[in-house]
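Asker: Quick check, what structure comes out for this input:
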Amino acid sequence: QGVLVSGLGTFAMVQEQFHGTTEIYVVRRPIFQLDMDEFFLENVAFPTVVIPGNTMVKPLNYSWLSRATSFPRHVVEGCVQETILLYSFHLRNETRLDFIFKDIGVLSCKHDVLCMRFYYECVVELESKASRIALLHT
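Answerer: Numbers count the residues shown, from 1 in each chain. Next comes the predicted model:
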């Protein structure tokens, strides 16, 4: 399943098979597919990540965020969109700031390459059986 953050990209969980020396591991790992306006990414490279077509992707649930934060939905939507726009402008102006997603990871731009790095705890929470393999491939 996945979550689309409009103007930024999609966070999803994928299942993959990896061959070990004696067995095949099926692991779940997080991925991020960037979906930002190319105007902001003119001088920035980013890895191409493809979310499988059978992955169910839902838009960010602003109603849930509104209840969780006690702010009206329109305020939450405005804050999310303005934050994405501000980050985009920083990328365009070559100010390389980290975009931190609590309990998930960090979207950072180092040496003009934009990359999502997932926290160890996030990967391990998704995959407890073969977490080392999932970590190596994330």
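Asker: Give me the pLDDT for residue 14.
Answerer: Residue 14 carries a pLDDT score of 85 in this model.
Asker: Can you name the helix or strand that the spatially closest residue to it that is not a sequence neighbour falls in?
Answerer: Nearest-residue entry for residue 14: residue 31, 5.6 Å, with adjacent residues in sequence omitted and distances by C-beta to C-beta, 6 or more residues apart in numbering. Every C-beta, even on glycine, is put in place using the N, C-alpha and C of the backbone. Of the helices and strands defined by DSSP states H and E, residue 31 is found in strand 24-34.
Asker: can you name the farthest residue from the center of the chain?
Answerer: Computed with C-alpha atoms, centre = their mean, the residue of the chain farthest from its C-alpha average is residue 22, at 32.2 Å.
Asker: So that residue belongs to a helix, correct?
Answerer: No - Residue 22 sits outside any helix when classified using DSSP: H, G, I helix; E, B strand; the rest coil, being coil.
Asker: Next up, phi/psi of it, please.
Answerer: Comment: the main-chain dihedrals of residue 22 come out as phi -120, psi -10, following degrees, to the nearest 10.
Asker: Next: residue 60.
Answerer: Backbone torsions of residue 60, given as degrees, to the nearest 10, read phi -50, psi 130.
Asker: wait, it sits on residue 9?
Answerer: No - the pair formed by residue 60 and residue 9 falls short of the contact definition of C-beta atoms under 8 Å, at 11.0 Å.
Asker: Would you map the helices across the protein?
Answerer: Using DSSP state H, the helices found in the chain span residues 62-69, 73-92, 120-126, 131-136.
Asker: among those helices, where is the model least confident on average?
Answerer: Out of those, helix 131-136 stands lowest, with a mean of 56 (criterion: mean pLDDT).
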